[in-house]
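Visitor: Sharing a sequence plus its predicted fold:
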Amino acid sequence: MRTMTKTGYLRCEVCAKVTQVKIEVGYLDAFPLYVNCGHCGTLFSGRYAKNDEEVTASAVFRNATEIDASEADTVDYFCDASGELIMRKVAPAQRAADLMVPPVWMAFHRRLGPNGMKALFGRMVELHRTVNGPAAHEWSRVLDLWFNGKHAYLSAQLADVLDGTPLAGPVSAGRYVQAIRKLTRTLFAPLYGSERNGEFVRRVSASLRTLKITREAGLKAYLRRLHEMGLFDSCEKIAYGQLRNGLGRFEQLIPAFTLSELTDAERAALFAPDSAYGMTTLSFEDIKFLYVDLFESVVKVLPVIVGLNNLLHRGSHHAFLNGGATGKKTSVSSLEQYVDLYTAADKMKLIDYGEAFSVAMHGELNNKLRNAIGHYAYRYDSLEQKIVYDNGRKVMSLLQFGYGCYELILTLLDLFDLTMFLHEVHDHYFPDENVSNNVI
């Protein structure tokens with residue numbers, strides 16, 4: 001995909017220093033922009049917009065005045081800006097050659113190549129249409145009907161967003177769950193990178209088949225307990241609610257989302273706090289509580305995968321890692337006790353990221369970061385795009401933080417999918433009506 005560059009010059013309304021900004025003119029028609037003055041740190045917040053019919057592209061900022069190149073006698077700082085890809089952070093313009101440096105997204109294009117960029121932008125186009133078009137609203141409408149128990153309208157609504165054929169009656173709860181799970185997985189498949197797409201479904205299905213063959217009685221007991229404890233309903237609602245919130249902020253996370261096509265080593269290099277690269281679509285202060293909400297939601301749904309791991313690896317859904325010890329002279333010996341654990345830290349001690357059903361986890365949960373945000377125990381350097389927390393012992397780049405939000409959205413999507421699948425299996429084993437549906 002070909003992109004162009006709009007070069008602008010911003011004069012800070014506080015210190016009058018001039019920053020050259022090279023904005024990518026790509027697929028997106030509009031996106032938010034956050035750039036700091038390299039001298040006084042003032043935040044230039046604004047929004048980019050283009051009009052293909054009129055062949056125009058513009059950006060309007062607060063706290064800065066755009067000037068013509070002829071007025072920019074001296075350019076003090078330079079940076080890139082993109083709504084789709086990573087950018088170069090604000091840096092001093094020490095030489096004339098600095099202002100001629102190609103934008104960093106051009107290197108990203110070369111790294112992925114034409115086919116890779118085509119695939120990536122294909123995913124972006126699908127997601128952008130999903131999030132901003134009718135599909136997301138239709139999905140929300142279906143899920144609201146399901147959770148509110150308005151099943152009389154559900155079959156027709158599902159038909160509208162699936163294949164146009166209403167579910168033949170009588171319709172069991174299990175068949176609704178199956179259809180909703182299919183809709184969700186299909187709708188949000190583009191969120192996954194090429195290496196990850198389909199891996200979760202394959203691995204979870206294989207592990208559940210193993211449980212059916214080797215520990216079917218234990219699987220039935222576990223599913224019955226999830227139902228009796230109301231965990232199907234509560235976990236599905238929690239995951240759905242935060243997925244909806246997260247997708248509402250997707251526009252700001254697109255540059256982090258595009259990093260899913262890179263290798264772990266490449267991402268690690270970009271995430272280094274002293275890296276010259278970052279993102280201009282979000283402000284940490286604006287999005288920090290999204291991370292907290294996503295984190296807390298994942299923790300509340302953890303019992304689903306912890307119980308499965310216990311059953312598969314230790315023979316019972318009550319058989320916890322390390323004997324259930326949380327390190328506080330106490331231990332848990334039942335799923336109910338695990339759910340009732342007060343802190344996220346205690347729940348996290350009883351999950352092994354290497355066990356089979358932990359495939360739902362995209363990256364490890366960062367409880368120290370969550371607590372730092374929740375207790376305002378952090379410092380944020382908006383110019384360097386660094387978050388300092390844990391009493392100064394840890395530093396995280398804004399780019400890594402954005403990618404962490406993206407990973408939490410993926411984790412919630414997989415946990416939602418898994419919980420709905422288990423719900424479906426439960427209704428197969430314990431049907432509301434006599435409907436034959438071999439789901440494993």
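Guide: That came through fine.
Visitor: which stretches of the stretch 251-400 of the chain aren't confidently modelled?
Guide: Low-confidence segments of the stretch 251-400 of the chain, defined by pLDDT under 70: 329.
Visitor: next one: the stretch 101-250 of the chain
Guide: Applying pLDDT under 70 to the stretch 101-250 of the chain flags the ranges 162-174, 193-197.
Visitor: All the helices of it, residue numbers only.
Guide: Remark: helices assigned in the stretch 101-250 of the chain by DSSP state H, counting those that start in this stretch are 104-132, 134-147, 154-161, 173-187, 199-214, 216-228, 231-248, 250-258.
Visitor: now swap in the stretch 251-400 of the chain and tell me
Guide: For the stretch 251-400 of the chain, helices defined by DSSP H, counting those that start in this stretch occupy the ranges 264-271, 284-314, 335-340, 344-348, 367-374, 398-429.
Visitor: Using PDB, write out every CA atom in the fourth one.
Guide: As requested, C-alpha coordinates have been extracted for helix 344-348 and formatted as PDB (Å, rounded to 0.1, in the frame of the first residue of the first chain):
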ATOM      1  CA  ALA A 344      -5.000 -10.100  41.900                       C
ATOM      2  CA  ALA A 345      -1.500 -10.900  43.100                       C
ATOM      3  CA  ASP A 346      -2.700 -14.000  45.000                       C
ATOM      4  CA  LYS A 347      -4.700 -15.200  42.000                       C
ATOM      5  CA  MET A 348      -1.800 -14.700  39.700                       C
END
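Visitor: of the helices of the stretch 101-250 of the chain, which approaches His428 most closely?
Guide: Among those, the nearest to His428 by C-beta to C-beta is helix 173-187 (5.9 Å). No exception for glycine: its C-beta is placed from N, CA and C like everyone else's.
Visitor: Is it correct that Met348 is in contact with Phe295?
Guide: No: using C-beta atoms under 8 Å, Met348 makes no contact with Phe295, being 10.4 Å away.
Visitor: The two: who's more crowded?
Guide: Between Met348 and Phe295, Phe295 has the larger neighbour count (other C-beta atoms under 10 Å), namely 24 against 19.
Visitor: In contact with the more buried one, which residues are there?
Guide: Each residue near Phe295 by C-beta atoms under 8 Å, 6 or more residues apart in numbering is listed here: Ala344, Leu365, Asn366, Asn367, Arg370, Leu408.
Visitor: what's the neighbour count on Ala239?
Guide: 26.
Visitor: Burial check on the closest residue in space to it that isn't next to it in sequence, number of neighbours?
Guide: Closest residue in space to Ala239, ignoring its immediate chain neighbours: Phe416 at 3.8 Å, by C-beta to C-beta, 6 or more residues apart in numbering. Phe416 is flanked by 28 other residues according to other C-beta under 10 Å.
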